[in-house]
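> output the structure for:
(chains A and B)
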Amino acid sequence: AQKVTQAQTEISVVEKEDVTLDCVYETRDTTYYLFWYKQPPSGELVFLIRRNSFDEQNEISGRYSWNFQKSTSSFNFTITASQVVDSAVYFCALSDYNTDKLIFGTGTRLQVFP
Amino acid sequence: DAGITQSPRYKITETGRQVTLMCHQTWSHSYMFWYRQDLGHGLRLIYYSAAADITDKGEVPDGYVVSRSKTENFPLTLESATRSQTSVYFCATLRENYGYTFGSGTRLTVV
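Numbers count the residues shown, from 1 in each chain, chains lettered A, B, ... in the order given. Purely as a prediction, here's the structure:
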């Protein structure tokens, strides 16, 4: 069965600190996609990144970076120099290549204090 | 603008009543999904549809009914609402080569 684990329920940091959100997944599939979504206090789900299982290159987008390691089944998300606007719930998710169902972790609430 | 529209945004209903949550897309994406979000559970899949007239159960389908007579619409019906169905409901479509796009959500309260 597929599963996504986000062990960190809540993280609090002070502005300008770096923070890493952990994501560990389980799947028997060799082909799959991994995602990160941001849910700000307004409630909508904002797409951040999609990574397929054959692409293990790390990705950087501004202050955001993602570290995908198949050996440890992890897809961690780092925010560099955090800002108050980064305060949100962040979800990691896994999709099955064949059925396209998206399986979410339970989310990590990030609070960035000024 | 193209996108996904969920209605209503907020709904309060009484236990035992039937309520329908609407989801409309202006694209023609084949796949559509319904999720519910609850504290401590993240988002859980209720039902999904691969195309018009094709639907299948997700992780938590009990108490819900869906239909997909047209590609652009995917309504979710609670036949007899219970308090345990108080939740935030999200509809989503799958955009090929991109990923999933979610609606703004419907906050449903069953009293």
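> parallel or antiparallel, which strands does the worst-scoring helix or strand of chain A on mean pLDDT pair with?
Among the helices and strands of chain A, strand A:59-61 carries the lowest confidence by mean pLDDT, DSSP states H and E, at a mean of 87. Each strand that strand A:59-61 pairs with, and the sense of that pairing, follows from DSSP bridges: strand A:64-69 (antiparallel).
> what's the pLDDT at B:Glu96?
At B:Glu96, the pLDDT value in this model is 74.
> what about it, distance to B:Ser30?
Taken as CB to CB, to the nearest Å, the spacing of B:Glu96 relative to B:Ser30 amounts to 8 Å. No exception for glycine: its C-beta is placed from N, CA and C like everyone else's.
> who has more neighbours, these two?
Neighbours per residue, other CB atoms under 10 Å in any protein chain shown: of B:Glu96 and B:Ser30, the larger number sits with B:Ser30, 15 against 9.
> and chain B, which residues reach chain A?
For chain B, the contact set with chain A under CB under 8 Å from any CB of the partner chain comprises B:31, B:33, B:35, B:40-45, B:48, B:50, B:58, B:88, B:90, B:92, B:94, B:98-102, B:104-105.
> who's the residue nearest to the spatial centre of chain B bridged to?
Residue closest to the mean C-alpha point of chain B, counted by CA atoms, centre = their mean, is B:Trp34 at 3.3 Å. Each beta-bridge partner of B:Trp34 is listed here, defined by DSSP bridges: B:Tyr47, B:Cys91.
> show me the contacts for it.
Residues in contact with B:Trp34, defined by CB atoms under 8 Å, 6 or more residues apart in numbering or on different chains, are B:21, B:23, B:45-48, B:58, B:64, B:66, B:74, B:76, B:89-92.
> and what of B:Asp38?
For B:Asp38, the residues meeting the contact criterion (CB under 8 Å, 6+ apart) are B:Arg44, B:Ser87, B:Val88.
> what pairs with the strand or helix carrying B:Ile12, parallel or antiparallel?
Element membership for B:Ile12 (DSSP states H and E) is strand B:10-13. The strands beside strand B:10-13 in its sheet (DSSP bridges) come out as strand B:106-110 (parallel).
> in the strand it pairs with, what counts as buried?
B:Thr106, B:Leu108, B:Val110 (16 or more other CB atoms under 10 Å in any protein chain shown).
> contacts for that strand, please.
Identification of contacts with strand B:106-110 by CB under 8 Å, 6+ apart yields B:6-15, B:19, B:21, B:78, B:81-90.
> stretch A:49-61 now?
When contacts are taken as CB under 8 Å, 6+ apart, the neighbours of stretch A:49-61 outside the stretch itself are A:29-36, A:64-70, A:75, A:97, B:98-99.
> could you point out which element follows the strand holding B:Ile12?
Beyond strand B:10-13 on the C-terminal side, the first helix or strand identified by DSSP H and E is strand B:19-25.
> what's in contact with that next one?
Taking CB under 8 Å, 6+ apart as the criterion, the residues outside strand B:19-25 that touch it are B:3-8, B:11, B:13, B:32, B:34, B:72-78, B:81, B:89, B:91, B:93, B:103, B:106, B:108.
> do the same with stretch A:37-48
Around stretch A:37-48, the neighbours that count as contacts under CB under 8 Å, 6+ apart are A:35-36, A:64, A:77, A:87-91, A:93, A:107, B:88, B:90, B:99-102, B:104-105.
> count the neighbours of A:Lys16 for me.
Around A:Lys16 there are 11 other residues, counting by other CB under 10 Å.
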